[in-house]
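# generate a structure from the sequence data that follows.
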Amino acid sequence: MHIRAYLRASTKDQDANRARSDLFRFADERGLKIAASYVENESGASLKRPELFRLLHDCHPGDILLVEQVDRLSRLNGEDWERLKTEIQARRVKVVALDLPTSWMMATTDKDDIQSRMLDAVNGMMLDMLAAIARKDYDDRRRRQAQGIARAKTEGAYKGRPEDEKRNEGIIKMLEGGMSWNSIVAATGCSRSTLARLAKRSPVPASL
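Residues are numbered from 1 along each chain as shown. Here you go, the predicted structure:
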């Protein structure tokens with residue numbers, strides 16, 4: 001049995017390694033050793049998480065996937081959670097989460113077959129419940145954020161994201177240099193609506 005730690009944060013501004021010491025302490029207290037750590041900055045609401053799937057690919061039957069909280073593993077909708085859970089079960093990987101005490105016994109090896117099956121069943125139900133709670137929290141926060149933005153717009157207080165002045169200056173220079181819109185979009189990744197707005201600042205018309 002190998003224990004593989006999974007550490008995730010939603011954005012590059014957050015420290016995905018923040019919980020590393022807690023995971024290693026959990027393993028040390030039980031006389032266990034973490035074989036490998038997998039770290040990434042990706043949204044828990046998306047299945048596009050290469051490090052998580054690299055972890056699962058590296059696993060052997062009976063290995064442990066160790067996380068700080070279930071929401072580090074999933075803020076997925078119901079359909080995507082079932083897909084991930086199916087992948088975990090197919091590889092016979094055990095999920096242990098620090099915020100799910102019923103899962104802690106999965107990290108021990110002195111269990112008979114009946115105990116193991118009972119723990120699997122209980123742990124599966126608790127994982128489903130916490131994954132659903134994590135998704136609800138995610139949806140609630142997004143709804144509150146949208147409501148706050150709508151209210152700020154109504155009150156005239158919402159200003160949107162700050163302008164990337166350095167990038168926009170570069171785009172204006174490209175326009176003034178005669179580059180086509182298609183070339184600028186391909187080179188910078190900016191939207192055509194942004195390009196149209198910046199073109200109004202340039203005295204030289206650009207080719208579409």
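
# distance of the residue nearest to the spatial centre of the chain relative to residue 76?
The C-alpha lying nearest the average C-alpha coordinate of the chain belongs to residue 43 (Cα atoms, centre = their mean; 2.3 Å). From residue 43 across to residue 76, the span is 10 Å (Cβ to Cβ, to the nearest Å). For the C-beta atoms, the positions are set from N, CA and C on the backbone; glycine is no exception.

# okay, and the helix or strand of this protein with the least pLDDT?
Sorting the helices and strands of the chain by mean pLDDT, DSSP states H and E puts helix 113-154 at the bottom, at a mean of 79.

# following it, which helix or strand comes up?
Later in the chain than helix 113-154, the nearest helix or strand by DSSP states H and E is helix 165-176.

# what helices and strands are in contact with that next one?
Under the contact definition 3 or more Cβ pairs under 8 Å, 6 or more residues apart in numbering; DSSP states H and E, helix 165-176 sits against helix 181-188, helix 192-199.

# returning to what we had before: touching, the residue nearest to the centre of the chain and residue 10? I think so.
Yes. With contact defined as Cβ atoms under 8 Å, residue 43 counts as touching residue 10 (5.3 Å).

# please tell me how far residue 106 sits from residue 51.
Per Cβ to Cβ, residue 106 is found 21 Å from residue 51.

# those two: which is more packed in?
residue 106 (22 against 17; other Cβ atoms under 10 Å).

# a helix runs through that one, doesn't it?
Yes. Under DSSP: H, G, I helix; E, B strand; the rest coil, residue 106 sits within a helix.

# check contacts around it.
The neighbours of residue 106, taking Cβ atoms under 8 Å, 6 or more residues apart in numbering as the test, are 64, 94-96, 119, 123.

# mind redoing it with 7 Å?
By Cβ atoms under 7 Å, 6 or more residues apart in numbering, the residues touching residue 106 are 64, 94, 96, 119, 123.

# cool, and residue 113?
Here residue 113 is in contact with no residue (Cβ under 7 Å, 6+ apart).

# before we move on, the earlier item: what strand or helix carries the residue nearest to the centre of the chain?
Counting by DSSP H and E, residue 43 is part of no helix or strand.
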